[in-house]
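Undergrad: Quick one, what's the 3D model for this:
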Amino acid sequence: MAEVIPLYPDRPPIAQYIRISTTGHNQLDALLESGRLTWDGRLWLDRAVLDAAAAPRQTALMSALLDRGAELVLDTNVAELSSPGRFEGAVRQAPWAIQGRPLQLDDWSGARGYERVSQIARFAVEHRFQSVLTPTHLLAGTHDHAFDSDQRILEQLRRALDDAGGARVAIDYPLLIPNRIMRDHHERAHLSLRCVDSRSTIFGYASQALESTRPPSGFVVISTPCAIL
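TA: Purely as a prediction, here's the structure:
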């Protein structure tokens, strides 16, 4: 019998991600129960990202995913809630939304701001999320003061998760920047230095993420051709 010689060594599989929208979760739940989302007895997806605005209606699907070993990631929807053109959409159902207007940077300041961060932490723990996309804002440039605000929120979220019993809940940092920054070497270099100089250790990933096409786990670079405002 002929011997099969593999041309390439075995490599670990690429992690599969899926974003679950505010609708269609019932169909996905049915596919999951039917076994059509498994391959050789293993669930083909590793992480599922869910919107905070919809998660309370998707608890059955979330439980099924957890039972099969998938990781649940909470999208706080803060980027959309901070956008004048997006805050009145489906994301307005998020518990930390402010009805009638978009979130502003001042809403994350002082005791009121920390309570909003704590609300996110409690929500994540209550719904058994294993990771949270920390609230961040679309940066207009490398000197945008929203960058400093987002760093403070990140540190507060870690503390709030620990206090809420979520010490094992991981935090991913979405860096929201326009495409023009990604295309500009000087802008990227300056932003990289700002990240490295941050007091938060998670920002140590930033210099690698901006120089690589494969950002390490825990740091997500998202560029957009235009503002979501």
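Undergrad: hey, let's count contacts and neighbours off CA atoms from now on
TA: Fine.
Undergrad: can you give me the helices for the chain?
TA: Along the chain, the segments classed as helices by DSSP state H run 25-34, 59-67, 78-81, 110-126, 146-163, 179-183, 185-196, 206-211.
Undergrad: Which pLDDT value goes with the nearest residue to Val125 once chain neighbours are set aside?
TA: Distances taken as Cα to Cα, 6 or more residues apart in numbering place Gly166 nearest to Val125, at 5.8 Å, with adjacent residues excluded. The confidence metric pLDDT takes the value 93 at Gly166.
Undergrad: Is Gly166 in contact with Phe123, as I believe?
TA: No - counting by Cα atoms under 8 Å, Gly166 stays clear of Phe123, with 10.3 Å between them.
Undergrad: what's the burial count for Thr23?
TA: 11 (other Cα atoms under 10 Å).
Undergrad: tell me the pLDDT at it?
TA: With respect to pLDDT, Thr23 scores 70.
Undergrad: can you start the count at 534 instead of 1 from here on
TA: From this message on, residue numbering opens at 534, which makes the last subject Thr556.
Undergrad: From Gln684, how far out is it?
TA: Look at Thr556 and Gln684: by Cα to Cα, to the nearest Å, they are 32 Å apart.
Undergrad: Which of the helices and strands in this structure ranks last by mean pLDDT?
TA: Ranked by mean pLDDT, DSSP states H and E, the weakest helix or strand in the chain is helix 739-744, scoring a mean of 41.
Undergrad: Is it possible to get the helices of the chain out as TSV so that each row also shows distance to Gly622?
TA: Listed next are these as TSV, based on distance: least, Cα to Cα, whole Å:
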stretch	distance to Gly622
helix 558-567	18
helix 592-600	21
helix 611-614	9
helix 643-659	19
helix 679-696	23
helix 712-716	25
helix 718-729	31
helix 739-744	31
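Undergrad: Of those, which is nearest Leu578?
TA: With Cα to Cα as the criterion, Leu578 lies closest to helix 592-600 of the helices of the chain, at 9.3 Å.
Undergrad: now that closest one and helix 558-567, what's the angle there?
TA: 40 degrees (axes from the mean of the first three to the mean of the last three Cα atoms, to 10 degrees).
Undergrad: Next, the buried residues of helix 592-600.
TA: Residues of helix 592-600 classed as buried: 594-595, 598-599 (neighbour count, 16 or more other Cα atoms under 10 Å).
Undergrad: What residues does the residue nearest to Val658 make contact with?
TA: Applying Cα atoms under 8 Å, 6 or more residues apart in numbering to Gly699 gives the contacts 654, 657-658.
Undergrad: please redo it, this time with the cut-off set to 10 Å
TA: Gly699 makes contact with 654-655, 657-659, 661-664, 691-693 under the criterion Cα atoms under 10 Å, 6 or more residues apart in numbering.
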